[in-house]
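Asker: Show me the folded form of this:
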Amino acid sequence: MRSISLLCFLVAGFICDFSEGQLFRRFRQARSYEVIQSTMAPCPTGDCAPAVNYVEALPAVQEVDSDAILVVDDWGRTAARFLVGNSCGSGSLCGFYKDGTLFLTNAHVTGTRPGTEAKIRMVVGGETKEYMGRVVMAAYSDKTLTDWSVVYVEEKIDVVPRYLAKTKPTGSHTTVGSPKCVWPLQRQNITTADVSQNSALWRWRPNSIGGQSGSGVWSLSDGLQYGLLTWSWGGLGAGQQTSEIYRQAKEKSVSGEPRIDGLVELGRNRDVIVENGFYQESGIDELPIWKTEPDDKPAPPSPPKPDCDDLDDTERGLLARLKDRAKERNIDWIMLIQIILQLLEMFKK
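Answerer: Got it, this is the predicted structure:
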């Protein structure tokens, strides 16, 4: 089998690659990572909107009708409460990376600086558990509809994740979070008011409440996360579509449609530092938090190349002659066939 495989490799290599000397070149894909400080230009005039710790902007508190609070059931399995200092919000478990767990929440809940620690509380296996995580990716802009962060826990939590969708939301949805920082978490169904086709904006009823920031919004049909609860606007709850978050994460940018007048963040706290730009921890690759589509499947791996280190000196000499012949403009086919026959005879022995 070794001789047949190597012979086929030689002939195919001669026909396809010898003219460029590619046969015995070995390739190794380099892995390199970059810390992206910011994708936005610094303020040229000095009079831009402040990027960090501005005064809390709380919407008028809307009490939730007790009849609208539903039994959490399995919808709460990926929901969590987040604490960063005195900043309280919500989040959702959306995937695993290496030996740890990934959560999605708002940048105005955790801040944008990679490495910022967050205390995460959730119910796992019927018990209340707490974990410490850190921000590994974040994007925020006070000019565009951008406000999200990904938090990493260095432990694989025993929960089946709800992945993020790359498509627009349709149908009915539900959310679980910590309005007013309550525990245990609460669930609400939402009714879509409008879904933008050109931006990240998605609005619904009822209105959002401080502490719900970062809650996942999931489809009642397929269970995927289609939205990230983020704002209050004109008496309606509002959030970002995960399809737009996917685009920004791929582009490593905060580009998008401009913010709309009257859009209010739910309780920005002075304990978190929020800066304009896209940020990513060094060593973090593309994160596996998205629902895999059929077209996303990776190409099958290339067949392994023969290990030429196992050849003896005589075989290497014949191969060298074969490569030299391949470089000649006028190929002596008789000589080429003789060399191949000699190789075959050696392999048989």
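Asker: what about the stretch 201-349 of the chain, any weak spots by pLDDT?
Answerer: 210-211, 267-268, 293-312, 315, 318, 322-323, 325-334, 348-349 (pLDDT under 70).
Asker: Not counting its neighbours along the chain, what's nearest residue 73?
Answerer: residue 187 (7.8 Å; Cβ to Cβ, 6 or more residues apart in numbering). In short, each C-beta sits where N, CA and C put it, glycine included.
Asker: Give me the phi and psi for that neighbour.
Answerer: Dihedral pair for residue 187: phi -120, psi 140, per degrees, to the nearest 10.
Asker: Where does residue 88 sit: helix, strand or coil?
Answerer: Following DSSP: H, G, I helix; E, B strand; the rest coil, we place residue 88 in the strand state.
Asker: Find the nearest non-adjacent residue to it, please.
Answerer: Nearest to residue 88 is residue 181, by Cβ to Cβ, 6+ apart, at 3.9 Å.
Asker: For that neighbour, give its distance to residue 231.
Answerer: 18 Å (Cβ to Cβ, to the nearest Å).
Asker: who has more neighbours, these two?
Answerer: residue 231 (25 against 18; other Cβ atoms under 10 Å).
Asker: Give me the secondary structure label for the more buried one.
Answerer: Per three-state DSSP, residue 231 ends up strand.
Asker: The closest residue in space to it that isn't next to it in sequence bridge partners, please.
Answerer: Computed as Cβ to Cβ, 6+ apart, the closest residue to residue 231 that is not its neighbour in sequence is residue 238, at 4.2 Å. When bridges are called by DSSP bridges, residue 238 pairs up with residue 203, residue 231.
Asker: Residue 238 touches residue 212, doesn't it?
Answerer: No: shown here, residue 238 and residue 212 do not form a contact pair, counting by Cβ atoms under 8 Å, at 11.1 Å.
Asker: Give me the more crowded residue out of those two.
Answerer: residue 212 (29 against 25).
Asker: can you pull out the strands in the stretch 51-200 of the chain?
Answerer: 69-70, 79-84, 87-97, 100-105, 117-124, 127-141, 146-153, 173-177, 186-195 (DSSP state E, counting those that start in this stretch).
Asker: Pull out the buried residues from the second one.
Answerer: For strand 79-84, the buried set under the neighbour-count rule, 16 or more other Cβ atoms under 10 Å, comprises 79-84.
Asker: same deal with the last one?
Answerer: Neighbour-count burial for strand 186-195 flags 186-190, 192, 195 (criterion: 16+ other Cβ under 10 Å).
Asker: Which of these sits closest to residue 157?
Answerer: residue 187 (19.9 Å; Cβ to Cβ).
Asker: these two touch, right, that closest one and residue 175?
Answerer: Yes: Residue 187 is within contact range of residue 175, at 7.0 Å (criterion: Cβ under 8 Å).
Asker: still on that earlier bit, so what's the residue nearest to residue 73 bridging to?
Answerer: residue 70, residue 176.
Asker: what do you get for residue 278?
Answerer: residue 139.
Asker: for the protein, what spans make up the helices?
Answerer: In the chain, the helices defined using DSSP state H lie at 2-16, 107-110, 242-251, 313-327, 333-348.
Asker: who's in contact with the residue nearest to residue 194 when sequence neighbours are not counted?
Answerer: Excluding the flanking residues, the one nearest residue 194 by Cβ to Cβ, 6+ apart is residue 203, at 5.3 Å. Residues near residue 203 by Cβ atoms under 8 Å, 6 or more residues apart in numbering: 192-195, 233, 236-238.
Asker: Alright, I will stop here.
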